[in-house]
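In: could you look at this predicted model? Sequence included:
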Protein chains: 2
Amino acid sequence: VLRLISKVRKFFEKAWSVGVDDPRKVIHCFKVGLALTVVSLFYYMRPLHQGLGGNAMWAVLTVVVVFEYTVGATLYKSLNRAAGTLLAGALAVGVHWFASQSGETFEAIILRTSVFLLASAATFSRFIPVVKARFDYGAMIFILTFSLVSVSAYRVDKLFDLAHQRFSTVAIGIFMCVLIGILICPVWAGQDLHLLIVRNMEKIANSLDGCVSEYYSSTVIDDDEEYSKKIKGYKCVLNSKGSEESLANLARWEPPHGRFSFRHPWNQYLKIGSLIRNCAYCIEALNGCIYSEIQAHELIKKHLSSHCMRLSSNSSTVLKELAVITKTMKKSSTIDVSVAEMNSAVQDLQNALKMNFLPTQLIPSLLTSVEETRDLILTMATTSVPVLLEVLPLVTVTSLLIEISARIGEIVYA
Amino acid sequence: VLRLISKVRKFFEKAWSVGVDDPRKVIHCFKVGLALTVVSLFYYMRPLHQGLGGNAMWAVLTVVVVFEYTVGATLYKSLNRAAGTLLAGALAVGVHWFASQSGETFEAIILRTSVFLLASAATFSRFIPVVKARFDYGAMIFILTFSLVSVSAYRVDKLFDLAHQRFSTVAIGIFMCVLIGILICPVWAGQDLHLLIVRNMEKIANSLDGCVSEYYSSTVIDDDEEYSKKIKGYKCVLNSKGSEESLANLARWEPPHGRFSFRHPWNQYLKIGSLIRNCAYCIEALNGCIYSEIQAHELIKKHLSSHCMRLSSNSSTVLKELAVITKTMKKSSTIDVSVAEMNSAVQDLQNALKMNFLPTQLIPSLLTSVEETRDLILTMATTSVPVLLEVLPLVTVTSLLIEISARIGEIVYA
């Protein structure tokens, strides 16, 4: 029993932390409650009840099913539901009329086969990628309405009335949801996507900084927990693809809001997102090298550390500036300078690898002892360099990122 | 108009290819059609219609909403729907009884506040991760049923009848779905997950082979397209996390089937999946190095190529054997040998880096010309080695993978 209690307590603690982390979620819950209460008030009013009949419960049903967390999702479901209901209703009425013209024996057969065929076709359409991304819910509602109408039509014989009633109740529900969703503390999928991308950029920058400085710092860092959390930031970027895509899909349904105009290029966000993910892969590999068993010679580490640190801090500066640019949606004049600095840091590092190294350090030591040199070359070959070389693709990706984001800068903010 | 026609044709071609790629999807569509037709037949039969009233359409609704592609998803939705309906129905009846005891003015207030509060609470519970993964749909149905019942109760006054009818119609729909879903060509989420993991292992093995051999082959490979497709195989592994998790979630709901017993450790699949993804990250980094601008000296490349090729082919053999083991779910005796071979290949490579290299090749050349040596060391340092060193974490991951899969072997197949 005690274990059960502690489990329940843990559950509630978790629930509490969900609410504290994102108060918008709590507000959303009250919005759903409000929408439901308002819609059921409609039902309590006599005149409306006379007009819409028992179908008023469809309004309640619509609210429950359609009301989603983000405005985009609500609109997506609403529009799909409306379109699906309308299309299926019209088609069902048509089929019913056609069936009623062809005698009683055929009527049932035609109705049943049409349900079978159209349900199969609509289900199949849900597997096609384009349909799945945008009209999945609409296809389901299409099947639903079509089979409901053609099944009830057989009995009720007041087909047009039914179709009309259903559509008006659904419309009431949808209107309610959209109204409450947009007016009271709206949660925009587009804004969420925007923030997600910005946050991911910042995380990558922090991880890069953290990784390289940890590699080159000889002392153990004090505030270990927060620090390692910073470094591990890139891990969530690795698997962000799914949420980015769904947010972008939903953002397309949203009306212009805030700083986002009507045809905001949401696809660009996906492109940037995948570039950021590429950076995260590089950092993952870099991290692997840092914690690998083979460690570089202290001397070489020291020699290259200044260049590496400079490069990584430059790269992360560029990333952070990109994050700011994306956040404020304003072109920044300093970004070009930072990029130029980063590129020169890359050049320096390459030069350091090629030139400085061998003449000044190796050759004197070659003269003193062959043994020592061997060790030196060996360790140099095995660890320090790969770390640098993994920074290089990162840098390439970063500069690609800069290019793309500059292009977006032109598209969006100009 | 012509463009529209070509667009429509393209759409249908795409749809056709979806059907050809996976005929199970086509079968699924006909299953949905069949289930709907059978359920609507229930509705056409007079006696049942008398018993269940206009609520028979709930059976149709249930079929449309609950019938999903995999058995796991259908069961998940069915059980959630049943539990949600039952719980909400019971609660609604309770609240209604309580409200009816407290006078007419209070009745409406109590009903409305209870709808508001419970809808808010249930919506909030959908944000809690545990609930979201397993009972998301049930929570939605809970809100739906509760508000429907407490809204209609006010009018209909035949509360128990309504609740009873709804539950029996929902039960008919669910029974239909589960029956048709399991009996006719079932699609098991568990099996899909199993195959996904096996396929990912094979893809990683192929990519690893392809990468390393492309790096060390001087000639351009002929059948370019298929070959590069093989190498790019790891790309889909990178983003497989989402589908793996959802499949594992659904697989938990499935009854024992085929070679999967009741409490099959689906979590282990997730662990293996994430290890495979780690491998994919390494290959991504390896790929980056291979296509980077700086290329190694031919001599060194040749010197290390045999070791590298051996290591990569050993690693991919191990991976392929693991795939076979996972596929057949039988312990293989050869796996230990392969692992030992791979480990020895790692040792050889490390030795090649440490020893062979410098005495036999560097020191003679040191004597001939300092210039040449510098070039040699330089190129050695910059490219060949990092490639190898990136193989190393891969190998570590692989051996981890082996350990884990051996442990699974003990759990599952013993």
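Out: The structure has been received and is ready for your questions.

In: phi, psi for the residue nearest to residue A:260 when sequence neighbours are not counted please.
Out: Excluding the flanking residues, the one nearest residue A:260 by CB to CB, 6 or more residues apart in numbering or on different chains is residue A:190, at 5.0 Å. All C-beta spots, glycine's among them, are computed from the backbone N, C-alpha and C. Phi and psi for residue A:190, reported as degrees, to the nearest 10, are phi -60, psi -40.

In: what about residue A:190, distance to residue A:251?
Out: 4 Å (CB to CB, to the nearest Å).

In: spit out the residues that contact those two alike.
Out: Common neighbours of residue A:190 and residue A:251, using CB atoms under 8 Å, 6 or more residues apart in numbering or on different chains, are A:72, A:260, A:264, A:266.

In: show me those that map onto helices.
Out: Residues from the shared contacts of residue A:190 and residue A:251 lying in helices, with DSSP state H as the criterion: A:72, A:266.

In: which strands and helices lie in contact with the helix or strand containing residue A:194?
Out: Using DSSP states H and E, residue A:194 falls within helix A:189-216. The contact analysis (3 or more CB pairs under 8 Å, 6 or more residues apart in numbering or on different chains; DSSP states H and E) places helix A:189-216 against helix A:71-100, helix A:224-231, helix A:233-238, helix A:241-251, helix A:266-290, helix A:298-328, helix A:385-408.

In: pick out the shakiest of those, pLDDT-wise.
Out: Set side by side, the helices and strands packed on helix A:189-216 give their lowest mean pLDDT on helix A:385-408, at a mean of 50.

In: what's the neighbour count on the residue nearest to residue A:260?
Out: 26 (other CB atoms under 10 Å in any protein chain shown).

In: residues touching it, list them.
Out: With the criterion set at CB under 8 Å, 6+ apart, residue A:190 makes contact with A:72, A:247, A:251, A:254, A:257, A:260, A:264, A:266.

In: of the residues you listed, buried ones?
Out: Taking 16 or more other CB atoms under 10 Å in any protein chain shown as the criterion, what is buried in the contacts of residue A:190 is A:72, A:247, A:251, A:254, A:260, A:264, A:266.

In: surely the second one meets residue A:197?
Out: Yep, that's residue A:247 we're talking about. No: using CB atoms under 8 Å, residue A:247 is not in contact with residue A:197, being 9.6 Å away.

In: where does pLDDT dip in the stretch 101-250 of chain A?
Out: A:152-159, A:162-163, A:211-212, A:214-231 (pLDDT under 70).

In: and it, which residues reach chain B?
Out: A:108, A:112, A:115-117, A:119-121, A:123-125, A:127-130, A:140, A:143-144, A:147-148, A:150-152, A:154-155, A:238-239, A:241-242 (CB under 8 Å from any CB of the partner chain).

In: which of these count as buried?
Out: A:112, A:115-116, A:119-120, A:123-125, A:127-128, A:140, A:143-144, A:147-148, A:150-152, A:154, A:238-239, A:241.

In: taking these one by one, which sit in helices?
Out: Per DSSP H, those map to helices at A:112, A:115-116, A:119-120, A:123-125, A:140, A:143-144, A:147-148, A:150-152, A:154, A:238, A:241.

In: what's the most distant pair in the contacts of residue A:190?
Out: Using CB to CB, these span at most 14.4 Å, a distance reached by A:247 and A:257.

In: phi, psi of residue A:67?
Out: Dihedral angles (degrees, to the nearest 10) for residue A:67: phi -70, psi 110.

In: isn't it right up against residue A:182?
Out: No: taking contacts as CB under 8 Å, residue A:67 lies outside contact range of residue A:182: 11.9 Å.

In: looking at those two, which one has more neighbours?
Out: residue A:67 (27 against 16).

In: and the closest residue to that one other than its chain neighbours, what helix or strand is that in?
Out: In space, and not counting its chain neighbours, residue A:67 is closest to residue A:177: 4.8 Å by CB to CB, 6+ apart. Assigned by DSSP H and E, residue A:177 belongs to helix A:159-183.

In: now, which of the buried ones among the contacts of residue A:190 sits nearest chain B?
Out: residue A:247 (13.4 Å; CB to the nearest CB).

In: distance-wise, check the closest one relative to residue A:199.
Out: Distance of residue A:247 to residue A:199, given as CB to CB: 13 Å.

In: show me the contacts for residue A:128.
Out: For residue A:128, the contact set (CB under 8 Å, 6+ apart) comprises B:11, B:14, B:15, B:18.

In: now the two most distant members of the residues you listed.
Out: Within the contacts of residue A:128 (distances taken as CB to CB), the two that end up farthest apart are B:11 and B:18, at 10.8 Å.
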